[in-house]
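Enquirer: need a structure here:
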Amino acid sequence: MSLEDLQKSWRSQEGQPRLTIDPDILLKEIQRNKRNFESTVFWRDVREVGVAFLMTAVLLYLGIKHNAWPLIVLAILALYVGAFLLVDRILQKRKKPTLTGPLLECIEGSLNQVNHQIWLLKNVLWWYLLPPGVGIGIFIICCAWNTIWNIVTWNIVAKEFVPILGFLFGYSVFCVLLFWGIYWLNQRCVRKELQPRRRELEALLNNLKSINE
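Expert: Down below sits the predicted model:
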């Protein structure tokens, strides 16, 4: 029985004699959903942190080797994203439910997890997209500036640098579209998956509280 099925069962009881649901069965179902959700979030964080730290190492190496400070800045910003997710996971593990009873605690724990993921994805622009976006912007501006500086300083024919400037412009457009797509997908996940899940857990928690009162 899924959470949605449990919700329908609760709604069907309104105005009718209460249907008895085995607390142990309900607890096992909630725990199963909770573990699946935790596993999905865990492997997402592992992937994101791993990529962030790998990019940090590569960009830092290239920046030092070629004496390119924009790459070093981008490496630091990539490190920030990975560190943010790592610290966030550590802090969330320390939070415990405040309700008493294994079933209520399990539901509240699931609800807290969902609420936090909604907060993370709604603010993905600020902690995930903006830091590397700023770094990429600095890198593109520096490349464009160096190209124009070479044209002016060495009196080089400007058309020889058209492919470079065209690539920088195209890369900028690609990054903007990519970041917008990532932001849109995250907001869609909030609307289509996380918010309905939160409503189900809230309704189930309120029903259980009313029974215990």
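
Enquirer: give me the nearest residue to Ile64, chain neighbours excluded.
Expert: Excluding the flanking residues, the one nearest Ile64 by Cβ to Cβ, 6 or more residues apart in numbering is Ile72, at 7.0 Å. Quick note: C-beta positions are derived from backbone N, CA and C, even for glycine.

Enquirer: ranges for the strands of the protein?
Expert: Using DSSP state E, the chain contains no strands.

Enquirer: any regions of the protein where pLDDT drops low?
Expert: Applying pLDDT under 70 to the chain flags residues 1-22, 96-101, 151, 154-161, 212-213.

Enquirer: excluding covalently adjacent residues, which one is nearest to the residue sitting nearest the centre point of the chain?
Expert: With distances taken as Cα atoms, centre = their mean, the residue of the chain nearest its centroid is Leu121 (4.8 Å). Distances taken as Cβ to Cβ, 6+ apart place Asn186 nearest to Leu121, at 4.4 Å, with adjacent residues excluded.

Enquirer: just confirm that neighbour contacts Val124, I think it does.
Expert: Yes - judged on Cβ atoms under 8 Å, Asn186 makes contact with Val124 at a distance of 4.7 Å.

Enquirer: residues contacting Val124?
Expert: Neighbouring residues of Val124 by Cβ atoms under 8 Å, 6 or more residues apart in numbering: Ile182, Tyr183, Asn186.

Enquirer: need the contact list for Ile182.
Expert: Val124, Tyr128, Leu129.

Enquirer: contacting residues for Ile107?
Expert: By Cβ under 8 Å, 6+ apart, the contact list for Ile107 reads Ile30, Leu201, Leu204, Leu205, Leu208.

Enquirer: redo those as a markdown table? Include distance to Ile164.
Expert: As requested, the contacts of Ile107 are exported to a markdown table (distance: Cβ to Cβ, whole Å):
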| residue | distance to Ile164 |
| --- | --- |
| Ile30 | 57 |
| Leu201 | 53 |
| Leu204 | 59 |
| Leu205 | 58 |
| Leu208 | 64 |
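
Enquirer: most neighbours among these, which one?
Expert: Leu201 (24 neighbours; other Cβ atoms under 10 Å).

Enquirer: just give the closest residue to that residue, not the sequence neighbours.
Expert: Excluding the flanking residues, the one nearest Leu201 by Cβ to Cβ, 6+ apart is Leu111, at 4.4 Å.

Enquirer: tell me how many other residues crowd the one you found.
Expert: Leu111 sits with 19 neighbouring residues when counted by other Cβ under 10 Å.

Enquirer: Leu104 too?
Expert: Neighbour tally, Leu104, other Cβ under 10 Å: 18.

Enquirer: could you pull out the helices for the chain?
Expert: 3-11, 23-65, 69-93, 102-122, 124, 130-154, 162-189, 195-212 (DSSP state H).

Enquirer: please save the CA atoms from stretch 26-43 in CSV.
Expert: What follows is stretch 26-43, C-alpha atoms only, in CSV (Å, rounded to 0.1, in the frame of the first residue of the first chain):
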residue,chain,number,x,y,z
LEU,A,26,1.4,1.5,8.3
LEU,A,27,4.8,2.0,10.1
LYS,A,28,6.5,-0.4,7.7
GLU,A,29,5.0,1.3,4.6
ILE,A,30,6.1,4.8,5.9
GLN,A,31,9.6,3.4,6.7
ARG,A,32,9.9,1.9,3.3
ASN,A,33,9.0,5.2,1.6
LYS,A,34,11.3,7.0,3.9
ARG,A,35,14.2,4.7,3.0
ASN,A,36,13.6,5.0,-0.7
PHE,A,37,13.5,8.8,-0.5
GLU,A,38,16.6,8.9,1.6
SER,A,39,18.4,6.6,-0.9
THR,A,40,17.5,8.9,-3.8
VAL,A,41,18.7,12.0,-2.0
PHE,A,42,21.9,10.3,-0.8
TRP,A,43,23.0,9.2,-4.2
